[in-house]
Structure formats: structure tokens, C-alpha cells
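Novice: fold the following.
(one chain, ligands or ions: 1)
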Amino acid sequence: MASSLEHELSTSRMETVQPGTGFGVLVVEDDEDQLLLTAAQLQKLGFEVSACIDGESAKDILGREKFHAIVCDFGLPGDSGGDILVHVRRHHSDLAFVMLTGHDDVARAVESMRNGADEYLLKPVPPRELATKILDAIEKHELASRAAKKSEFERMVQGMSGMVTSLEVKDRYTLHHSRKVERLAIAIAEQLPDLSDQAKMYIRIGARLHDVGKIATPLTILHKEGPLNDEEWIVIKEHPLHGERITRFLPREVQKIVRFEHERWDGKGYTEGLAEEQIPLGSRLVMIADTYDAICSDRPYRDAMSKDEAVRIIRDGSGTQFDPNLVPVFEKVVNALDHPHE
Ligand SMILES: [Fe+2]
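Specialist: Purely as a prediction, here's the structure:
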């Protein structure tokens with residue numbers, strides 16, 4: 001951009017009086033007067049504006065700086081607005097693109113829309129209308145990117161959940177264990193005041209994946225029928241650490257539930273020896289739900305115990321192994337069930 005333009009733009013930026021949206025916009029226009037006018041108007045409406053007069057500079061600036069939107073004239077010397085649009089869709093697909101043109105040309109408009117322009121506007125465009133169109137286009141891109149991130153997140157959770165299932169089907173004693181732990185942990189969480197929906201979702205996923213790290217534990221140890229020796233215990237106790245590694249692309253809250261699921265309220269658990277409220281709430285819930293499900297399931301060395309026996313054992317461990325504030329909530333939830341694994 002010419003230095004005189006830069007000076008005028010920075011002067012105009014200082015004069016901005018209206019509350020800004022703070023969105024970064026690149027304006028590309030070969031008519032310098034028009035460029036200055038559009039840039040100044042957008043700055044006054046609160047955008048962070050950069051400007052340039054041709055396609056080559058636009059590509060260069062886009063490669064160096066982050067923007068939310070580009071406002072581009074179609075008729076430029078050298079690369080046209082249409083060429084810039086193709087470049088943007090290939091290299092900066094999240095960028096909102098508003099095409100401006102001086103000619104009412106339906107064929108161009110259709111081609112621009114087909115190539116991914118969000119808006120195609122005929123000049124002159126009143127500044128507030130332009131601002132609205134830019135904001136609409138930015139919002140559209142943000143919603144699309146949020147949806148893409150969400151589905152990526154769901155795919156990852158599904159993949160890890162599949163790992164847990166593949167582990168559980170190898171062992172009749174733990175079949176559906178994680179699903180049952182998830183169900184009970186979330187049923188207790190539902191009774192707690194002030195837990196956001198997001199926190200509950202993280203607890204649900206953390207409970208479901210709490211033992212995912214066991215896929216790194218040798219099956220000879222996992223399926224051993226007799227008591228484990230000291231070395232084998234050391235290996236078993238590493239599974240929350242493996243779980244933390246496997247869940248590293250999920251939110252930190254989920255990772256921490258998995259990492260600290262064997263911590264005890266009195267600080268005598270593993271892997272870190274955290275105590276009381278240092279332990280993430282989700283891990284404290286998993287500790288209760290996991291123990292309950294283990295007690296109520298058959299084991300190689302004993303039959304499943306009754307719901308009442310399980311509740312008694314967990315009540316006995318309240319304040320030592322288990323969070324004493326959660327145990328009464330657990331009891332209330334479990335007492336409402338007709339069957340231990342309802
Ligand atoms: Fe575990």
C-alpha cells in the first residue's frame with residue numbers, strides 16, 4: 001500500500017469514535033480515492049482495516065496477516081477479484097469474502113458465488129450495509145468452523161470410545177464397564193448444583209474414557225486370574241498416564257479426569273497422590289462409579305455383590321477413598337435404581 005494511504009488510514013483510525021467490532025478486514029480496490037473512502041468508513045464502524053490496490057499485494061498481505069474478511073473489487077489490474085477469490089478459497093478457506101463490482105453483471109455474480117464468495121455487491125454500497133454484509137459473512141464462517149470443530153471432536157471421542165469397547169470385549173468381566181461407569185457418574189453429576197452443561201459433557205466423556213489407557217497394558221497382566229505381583233502392579237498403575245496421552249487432543253478437562261481417576265480423597269491413590277478437591281470432580285465421580293460397578297460385577301475370583309453391599313462398602317470408604325460430599329448423592333442416585341446396573 002502506498003505510504004500516503006497508510007498515513008491517511010492511520011489518521012482515520014485514530015478518529016474512530018464508534019465502538020468497534022474489532023474484526024480484521026482487508027480492502028482491495030485499485031481506485032485509491034474509493035479505497036480510502038471504504039477503508040475510512042469501515043474503520044469508523046469499528047473494523048480493523050488494512051488496504052491494498054492490487055491482487056499481488058493482497059495475496060502477500062493475506063500470507064502474512066490474519067483477517068476475518070476481505071472486501072475485494074472485481075475489476076483490478078493484473079489478478080482480478082475473481083482470481084483473488086479462487087486463491088482465498090484455496091489458501092484461506094475460513095475468510096469471509098465480499099466481492100464488490102462497478103458493473104451489474106449477473107454472470108460475474110453467479111461465478112463469484114459458485115467460487116465461494118459470501119456476498120456480491122454492486123457499488124456504491126452504503127457503509128452500514130457493507131458492514132452488515134461483512135458481519136453476516138464472518139458469522140457464517142465462524143458457525144461453519146465451529147460445526148467442523150465439533151464434528152472433529154465427536155469423531156475423536158468416538159474413535160477412543162471404540163478403543164475402550166475393543167478392550168472390554170476381550171474380557172467378559174469388564175464388558176460394558178465404561179458405559180455403566182459413564183451412566184452412573186453422569187447421574188450423580190446431574191444432582192449437583194451449578195454444573196454447566198459443558199462440565200457435564202466433559203464428565204460424561206471422561207468417565208467413558210477413564211480406562212482407555214489400558215490398551216497400552218499387556219493383556220497377560222490385564223487378564224491375569226491370580227493376584228498381581230509388584231512389577232505387574234507398577235505396569236497397571238501406569239494406565240491413567242497412558243490415558244492422558246491418548247486423550248491429549250481432547251479438552252484438558254477430559255484429559256485430567258482420565259489422568260486422575262485413581263486418586264483417593266485421602267491422597268493415598270495414584271498416580272500423583274492428589275487429595276480432596278485437588279482431584280478433578282470428574283475423577284472423584286469416576287472413582288465412586290468405577291468402584292460401584294466393580295463390586296456389582298462378577299470377577300474371576302468372586303461373584304457379583306449386591307447393590308446394598310456395594311453401597312455399604314462405598315459408605316465405609318467415604319472420606320478416605322471417596323469424596324464424602326459425593327457419597328450421599330451417590331447413595332440417593334443408586335437407591336432410586338431397581339437394579340444395580342439400571
Ligand atoms: Fe482405571
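Novice: now do stretch 302-311: everything it contacts.
Specialist: Under the criterion Cβ atoms under 8 Å, 6 or more residues apart in numbering, residues 291-292, 295-298, 313, 331, 334-335, 337, 339-340 lie in contact with stretch 302-311. To be clear about C-beta, it is placed using only N, CA and C from the backbone, and glycine gets the same treatment.
Novice: revised request: answer the last question for stretch 140-154.
Specialist: With Cβ under 8 Å, 6+ apart as the test, stretch 140-154 has contacts from 68, 94, 95, 96, 118, 250.
Novice: most neighbours of all the residues you listed, which one?
Specialist: The most neighbours of any of the contacts of stretch 140-154, using other Cβ atoms under 10 Å, belong to residue 96, which has 25 neighbours.
Novice: ok so, going back, biggest separation within the contacts of stretch 140-154, which pair?
Specialist: Using Cβ to Cβ, the two most remote members of the contacts of stretch 140-154 are 118 and 250, lying 31.7 Å apart.
Novice: what's the first-to-last distance across stretch 227-240?
Specialist: 20 Å (Cα to Cα, to the nearest Å).
Novice: which positions within it qualify as buried?
Specialist: Neighbour counts over stretch 227-240 (16 or more other Cβ atoms under 10 Å) mark 232, 236, 238, 239, 240 as buried.
Novice: what about that stretch, average pLDDT?
Specialist: For stretch 227-240, mean pLDDT rounds to 95.
Novice: residue 239 touches residue 210, doesn't it?
Specialist: No: with contact defined as Cβ atoms under 8 Å, residue 239 does not reach residue 210; the gap is 9.4 Å.
Novice: residue ranges with poor pLDDT in this structure?
Specialist: Scanning the chain with the threshold set as pLDDT under 70 gives 1-20, 338-342.
Novice: can you give the domain ranges for it?
Specialist: Here the domain parsing of the chain from automatic domain parsing is 3-143, 169-335.
Novice: picking that back up, in a markdown table, list the contacts of stretch 302-311 along with distance to residue 48, neighbour count and secondary structure.
Specialist: A markdown table is the format used below for the contacts of stretch 302-311 (distance: Cβ to Cβ, whole Å; neighbours: other Cβ atoms under 10 Å; DSSP: H, G, I helix; E, B strand; the rest coil):
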| residue | distance to residue 48 | neighbour count | secondary structure |
| --- | --- | --- | --- |
| 291 | 54 | 18 | helix |
| 292 | 55 | 26 | helix |
| 295 | 60 | 20 | helix |
| 296 | 59 | 19 | coil |
| 297 | 59 | 21 | coil |
| 298 | 64 | 11 | coil |
| 313 | 61 | 15 | helix |
| 331 | 56 | 16 | helix |
| 334 | 56 | 22 | helix |
| 335 | 58 | 10 | helix |
| 337 | 56 | 12 | coil |
| 339 | 60 | 7 | coil |
| 340 | 59 | 21 | coil |
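Novice: please consider this matter closed, and thank you.
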